[in-house]
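Asks: Provided below for reference: sequence and predicted model.
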Amino acid sequence: MSTQASRREALRAQQVAQAKASRNRKMVGAGAGIAAVVLATVLIVVAVSGMSTGGGSAYPKNATAAKDAVAIYPAAAKAGAPTIDVYLDYQCPICKVAEATYGATMYALAQSGDIKLVQHTMTFMDDNLRNTASTRAAVAATCTDTYGDKYAQMTTAIFSNQALTETVGSVGYEDKLLRETLPAQLGITGDNLVGFQKCYDTQAPKSFLDTVAKNSYAAGVKGTPTFKRDGVVLSVNPASTTVDQFKSLLLTGK
């Protein structure tokens, strides 16, 4: 073999070795990336575990089987009672009107067992108003389901404190209102208050609320308030549908 050929072979061998070393470095880097992802996953699991041991369950006590809504007075529901799904956002002005107009009727029918009332609390208004008030209000309501069993009452209380006008960039519901004032008004005290506030502070139900939003969109919900009876959207306009008409829609679909 000529000297020139030997040099070419040596150069080729050097290039192969360098390429192999480069691949190994990339593999090590990829391994480190995978380790980081695993670590992040472990941290998330630990955080969720922390929520379940004092900061509030990741899911509310009365979460539906699909973990995408809260059932209101579920133990009272009679066999064969229609399921009424309500989709709302705590910063939605029309939702406030609907709650003020129909809330007492819905809750009374749920308590009597004549309907199975299920609430899907969405948070899309946060994007519209560029704040976090819908999410924080939804967290507060969800925490009261586990600590104090005051979900329906908290919903009414939150809506009664909704701002008179929608203002982009506004704070919306203050933390003190959601964390202290409303729980006190609803009679949440002692261990329940401690649990509620830890649940609120850690945002324990956040993953639950993400599922609520995802499944609501998947169910074709395009606006709030939306009312469904056994999966069928009801034609309800808070500006014109009377309470008696609304009650009839809930019970009979007509």
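Replies: Thanks, I have it. Numbers count the residues shown, from 1 in each chain.

Asks: From now on I want contacts and neighbour counts done on CA atoms only, so please keep to that.
Replies: Will do.

Asks: Skipping adjacent residues, who's closest to Gly103 in space?
Replies: Leaving aside its sequence neighbours, Gly103 sits nearest to Thr156 (CA to CA, 6 or more residues apart in numbering; 7.5 Å).

Asks: pLDDT value on Thr165, please?
Replies: Here the pLDDT value assigned to Thr165 is 89.

Asks: Equivalent analysis for Gly113, please.
Replies: pLDDT, Gly113: 98.

Asks: How about Val46?
Replies: 32.

Asks: Helices of the stretch 101-250 of the chain, residue ranges please.
Replies: For the stretch 101-250 of the chain, applying DSSP state H, counting those that start in this stretch gives helices covering 125-129, 133-146, 151-160, 175-176, 182-185, 190-201, 206-218, 243-252.

Asks: mind giving me the domain ranges of the chain?
Replies: The record assigns the chain these domain ranges, following automatic domain parsing: 1-55, 70-252.

Asks: picking that back up, of the helices of the stretch 101-250 of the chain, which approaches Thr101 most closely?
Replies: Ranking the helices of the stretch 101-250 of the chain by proximity to Thr101 (CA to CA) places helix 243-252 first, at 7.0 Å.

Asks: residue nearest the centroid of this protein?
Replies: Leu209 (1.0 Å; CA atoms, centre = their mean).

Asks: show me what contacts the residue nearest to Tyr90 when sequence neighbours are not counted?
Replies: Once flanking residues are discounted, Tyr90 sits nearest to Ser134: 5.4 Å by CA to CA, 6+ apart. By CA atoms under 8 Å, 6 or more residues apart in numbering, Ser134 lies in contact with 89-91, 122-126.

Asks: how near is Ser134 to Gly172?
Replies: With the distance defined as CA to CA, to the nearest Å, Ser134 ends up 8 Å from Gly172.

Asks: which neighbours do these two share?
Replies: Gln91.

Asks: one step back: so which of the helices of the stretch 101-250 of the chain is the most surrounded?
Replies: Comparing these by mean neighbour count (mean count of other CA atoms under 10 Å), helix 133-146 ranks first with a mean of 27.
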